[in-house]
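*Asks:* Return a 3D structure for these sequence lines:
(chains A and B)
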Amino acid sequence: MFPVMNSASKINGILFCVMLCAMFLYSLPTVFAFAGTQTQALSLFLDGKLVRKFEQFYDKQLFLRDPSVELWANIQHAIFREGASGVVLGRDGWLFTNQEYLQPRDLEGNLERQVVLIDKVRAQLAQQGARLIVLPVPMKLDTYAVHSTYAPSEQISGLYQHFSQRLHDHGIDTVDLRSAYQSAAATEQLFLRNDTHWSPRGAELAAQTLAAQFPELQGETPYLTQAVSEKEVTGDLLNYLKFDPRLAPSYFEPVHIQLYETLQQSRNDLADSLFGEEAVSLALVGTSYTRIDDWNFVGFLKEALQRDLVSVALEARGPFQSMKEFLAGPAAKSGELQTVIWEFPLRTLLAQRQIPSPLATPETAQH
Amino acid sequence: MIFASNVFLFLFLPVFLLCYYIAKDHWRSYVIVLGSYLFYAWWRPDFLLLFVAISYWNYWFGLRIKARIDAGEKKIAFRLLTVGVIGNLATLGYFKYANFGADVLVAVLEPLGINTFTLEHIILPLGISFYVFQALSYIVDIYRRNAEPTNRFVDFAAYIAIFPQLIAGPILRYSLIDKQLKNRTHSLELFSLGACRFMLGFIKKVLIADSLAPMNTLFISGGGELQMADAWFGLLISALQLYFDFSGYSDMAIGLGMMMGFRFAENFNQPYIAQSITEFWQRWHMTLADFLRDYVYMPLVRKRLVGMLVGLVITMVLSGLWHGPSFAFIFWGLFFGIAMVVERKLGIATKVNTPYNFWRNARCMFVLASCMPLFFTGNLPHALQVYQALIGLNGIGSLDLYWFGTSAMTMTFTLIALLWIVIAGGINIRYYAGTGQDQYFMQHVGGFSALLLWVGFLLTLTRLAANSFSPFLYFQF
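*Replies:* Down below sits the predicted model:
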């Protein structure tokens, strides 16, 4: 026999038994608690679902769980200066998503596939008599590279211009938001320090830039935005920090934002608004940058363009899925649309997974 | 259920051990069967019926074969054996290879304009490759008179179902375990040894293998985007993860067996210090290699159905097919078969006691790495993409994919895994070189000192609690 462990002190066996007994006794209340909540136990058991439910329930109740998560996060941060996989710690309390660092090998191919899909959307909208304007949202890493521990590659910092050029080549209008962001980044906070999204000021600047670059979109309905309150934003990137806040307090310092409300100022056509139907010829399609009310992008855009618009935006589904839902929805089929603004986070171009086609497909029967 | 789960460790295991040790000797097989069936049904209760049916099928054939042999009717015994073996292989073939066979048939017939068919996806029952092999070894050993059949179905059911090795081995041979089924010794010493062995496996699986999993996932899913550095690094990670995952599982199984008074066969003997592919298979998944040697290779060669070298290739191709129903695994097995034939022809096949030479080891590892993309991807087109990356056709490449896809802590676990292999490998080499203190080193360093073992185990428990769930790689086989 080759060398393997072939003897052990009895104390190990005794300790092991003591540990098993103690943990078993500790587990009993959890078992009874779970048993008390189940009504269709047999059918769920036969499906194999009951044990999965029980395991999840048991794991969540285990007293070791939260301290263990924190222990490993503490070790990871103390030794490696890292958060959980998904976040990259920057300087001065800034956090970045690792999606902006994960550059696909076939970036050019990725880009080409997405530009082709965008062009198909343009063609479909053109058939309906509507014009497409793409609003690429710059990457946080590109805008605030100064706060990043790792400098973005040239391909990342040049991606915005490259993408815009490719869209121009296909005859697609784009907003050059990056230039405006680069100019303002040093003095204004355009992205939230602890979040993947822009700040209200970033959203406002995007709206103003779009209005300045496409003056023909200007309407005549006055809208006014005003600050209504303040809010403390925890930030989605903080979900990846499970270590003790005392280890690196700057990441956990709260970010306060101003909340805004945009209201129509005109009183003359109140009667029309109440009793008439106003056709809306401008649509905004977007992602969580548009969808989350805290940023007030829709409001800022209304104010900047002085006109009403219809908005379709989804959280955490990406711009293509949002466009797919928009094209399948009533707004796209109304026949009144003249312009569609597509808020498009640039980091989508780095997506490793397959991008869904946004083109509306005929619905199939579900039986 | 999996060993590396809180429910197994803190609920199933204490209850099972309590019942087992309370029961009298006569009833312990019943406790093993009931516990093992519960362990199996935890995944899907419906496949338990198949499991019981296979157990009874082989039990019945075992008794009949023995009766015919005792009556001097060897031909009838052989026919019974043939029917028994066909029943087992047909079951394994249906569940494991029907989808693959249907796909191949469709691919062949469609270009000829022949109407094809679709086969509803067949779910592979958990552990079927392992328990069917064990059942086969039972009836073959009885036919060969290497073992006596048991008259109690519960003893046979316990042999097939015993939960520590039910899902991923090591493959038990009836002839090596039949006496233990009837009579075994229980002692605190053996229980303690089992507990330590279990803890060691637990550390290997949860702390090391699972920590490497994110990088391995990146490698496997990287496909056509991998560049050369990524691909070679990914190959290293996959090799480390597979070894620590599978050998960790084997250690846990062996340890649990000891807690019940069993001595299971060893399954790994530091495979990454092998100096030839032939030696690699003497060190890697040893119970499978022994099974294939005794029940496939030897019958082929002894009955002069084929020559030794052809027999070797056929055996390894079947080994590949056993690992997975795809052309990638078939080519993987073929690769090993040819490599072993070449080694024999060139006289470079080594054994476990051949004095260690670094360059032989490096050559063997390179050959091994050459076929690993087939194994890790299990898919021929995907493996070809990895091969392209390995030879630099996608560019030399940076490691962005790994740097930002995983973490420095994960990279550190890679270094720990490498260090582990170097230390344990070094001790193993010293052992075969015959130097004096090796067993001491194995106990206190390679096998972990008790204090180190407990610290590692408790740390691993917190890791498990933090991760909550960690499936085993080898489940797919």
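*Asks:* What pLDDT is listed against A:T361?
*Replies:* Predicted confidence (pLDDT) for A:T361: 50.
*Asks:* so who does B:T410 touch?
*Replies:* B:S211, B:L212, B:P214, B:M215 (Cβ atoms under 8 Å, 6 or more residues apart in numbering or on different chains). C-betas here are computed from N, CA, C, even on glycine.
*Asks:* Give the helix, strand or coil label for it.
*Replies:* Secondary structure assignment for B:T410 (DSSP: H, G, I helix; E, B strand; the rest coil): helix.
*Asks:* Regarding A:L259, what are the backbone dihedral angles?
*Replies:* phi -100, psi 140 (degrees, to the nearest 10).
*Asks:* Could you measure from the most centrally placed residue in chain A over to A:Y289?
*Replies:* Centroid-nearest residue in chain A: A:A316, 4.9 Å away (criterion: Cα atoms, centre = their mean). Separation of A:A316 from A:Y289 (Cβ to Cβ, to the nearest Å) stands at 11 Å.
*Asks:* Following the chain onward from the helix or strand harbouring B:Y159, which element is next?
*Replies:* Element membership for B:Y159 (DSSP states H and E) is helix B:153-161. Sequence-wise, the next helix or strand downstream of helix B:153-161 (DSSP H and E) is helix B:174-182.
*Asks:* now check that following helix, is it near chain A?
*Replies:* No - Helix B:174-182 is not in contact with chain A by Cβ under 8 Å from any Cβ of the partner chain; minimum separation 13.8 Å.
*Asks:* just for the chain, where's the confidence low?
*Replies:* You didn't say which chain, so I picked chain A. A:41-42, A:105, A:266-279, A:352-367 (pLDDT under 70).
*Asks:* nope, chain B
*Replies:* Ranges of chain B meeting pLDDT under 70: B:116-119, B:222-224, B:397-406, B:435-448, B:468-477.
*Asks:* Look through it and tell me its longest helix.
*Replies:* helix B:74-109 (DSSP state H).
*Asks:* Which strands or helices does the next helix or strand after it pack on?
*Replies:* Tracing the chain past helix B:74-109, the next element assigned as helix or strand by DSSP H and E is helix B:128-143. Counting by 3 or more Cβ pairs under 8 Å, 6 or more residues apart in numbering or on different chains; DSSP states H and E, the packing neighbours recorded for helix B:128-143 are helix B:47-70, helix B:74-109, helix B:153-161, helix B:174-182, helix B:286-292.
*Asks:* Tell me how far helix B:128-143 lies from the chain's centre.
*Replies:* Helix B:128-143 sits 16 Å away from the centroid of its parent chain (Cα atoms, centre = their mean, to the nearest Å).
*Asks:* Kindly calculate the angle that it makes with helix B:153-161.
*Replies:* 130 degrees (axes from the mean of the first three to the mean of the last three Cα atoms, to 10 degrees).
*Asks:* Which residue ranges of the stretch 301-450 of chain B form helices?
*Replies:* Remark: helices assigned in the stretch 301-450 of chain B by DSSP state H, counting those that start in this stretch are B:308-323, B:327-346, B:358-377, B:380-390, B:400-403, B:408-433, B:438-441, B:450-467.
*Asks:* likewise the stretch 201-350 of chain A?
*Replies:* For the stretch 201-350 of chain A, helices defined by DSSP H, counting those that start in this stretch occupy the ranges A:249-252, A:270-275, A:288-291, A:297-305, A:318-328, A:330-333.
*Asks:* mind listing what the spatially closest residue to A:S281 that is not a sequence neighbour touches?
*Replies:* Leaving aside its chain neighbours, A:S281 sits nearest to A:Q338 (4.1 Å; criterion: Cβ to Cβ, 6 or more residues apart in numbering or on different chains). For A:Q338, the contact set (Cβ under 8 Å, 6+ apart) comprises A:G129, A:A130, A:R131, A:S281, A:L282.
*Asks:* 7 Å instead, please
*Replies:* With contact set as Cβ atoms under 7 Å, 6 or more residues apart in numbering or on different chains, A:Q338 has these partners: A:A130, A:R131, A:S281, A:L282.
*Asks:* near chain A, which residues of the stretch 151-300 of chain B?
*Replies:* B:188-189, B:191-193, B:195-197, B:200, B:214, B:225, B:227, B:266, B:269 (Cβ under 7 Å from any Cβ of the partner chain).
*Asks:* Could you list which of the contacts of B:T410 belong to helices?
*Replies:* B:S211, B:L212, B:P214, B:M215.
*Asks:* Can you pull out the residues in contact with stretch B:83-97?
*Replies:* Applying Cβ under 7 Å, 6+ apart, the contact partners of stretch B:83-97 are B:54, B:57-58, B:61, B:122, B:124-125, B:128-129, B:132, B:135-136, B:139, B:325.
*Asks:* CA atoms only for it, dumped as CSV, please.
*Replies:* Below are the C-alpha coordinates for stretch B:83-97, written out as CSV (Å, rounded to 0.1, in the frame of the first residue of the first chain):
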residue,chain,number,x,y,z
VAL,B,83,-28.4,-12.7,-19.7
GLY,B,84,-27.5,-11.0,-16.5
VAL,B,85,-24.7,-9.0,-18.0
ILE,B,86,-26.8,-8.1,-21.0
GLY,B,87,-29.6,-6.9,-18.7
ASN,B,88,-27.1,-4.6,-16.9
LEU,B,89,-25.5,-3.3,-20.0
ALA,B,90,-28.8,-2.7,-21.7
THR,B,91,-30.0,-0.7,-18.8
LEU,B,92,-26.8,1.3,-18.7
GLY,B,93,-26.9,1.7,-22.5
TYR,B,94,-30.4,2.9,-22.6
PHE,B,95,-30.1,5.6,-19.9
LYS,B,96,-26.6,6.6,-20.8
TYR,B,97,-26.3,6.2,-24.5
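*Asks:* buried stuff in that stretch?
*Replies:* Using 16 or more other Cβ atoms under 10 Å in any protein chain shown as the test for burial, stretch B:83-97 gives B:G84, B:V85, B:G87, B:N88, B:T91, B:L92, B:F95, B:K96, B:Y97.
*Asks:* Check stretch B:21-36 too.
*Replies:* Buried residues in stretch B:21-36, counted by 16+ other Cβ under 10 Å: B:R28, B:S29, B:Y30, B:V31, B:I32, B:V33, B:L34, B:G35, B:S36.
*Asks:* Can you classify the first one by secondary structure?
*Replies:* When you say that, I think you mean B:R28. Going by three-state DSSP: B:R28 is helix.
*Asks:* No further queries at this time; thank you.
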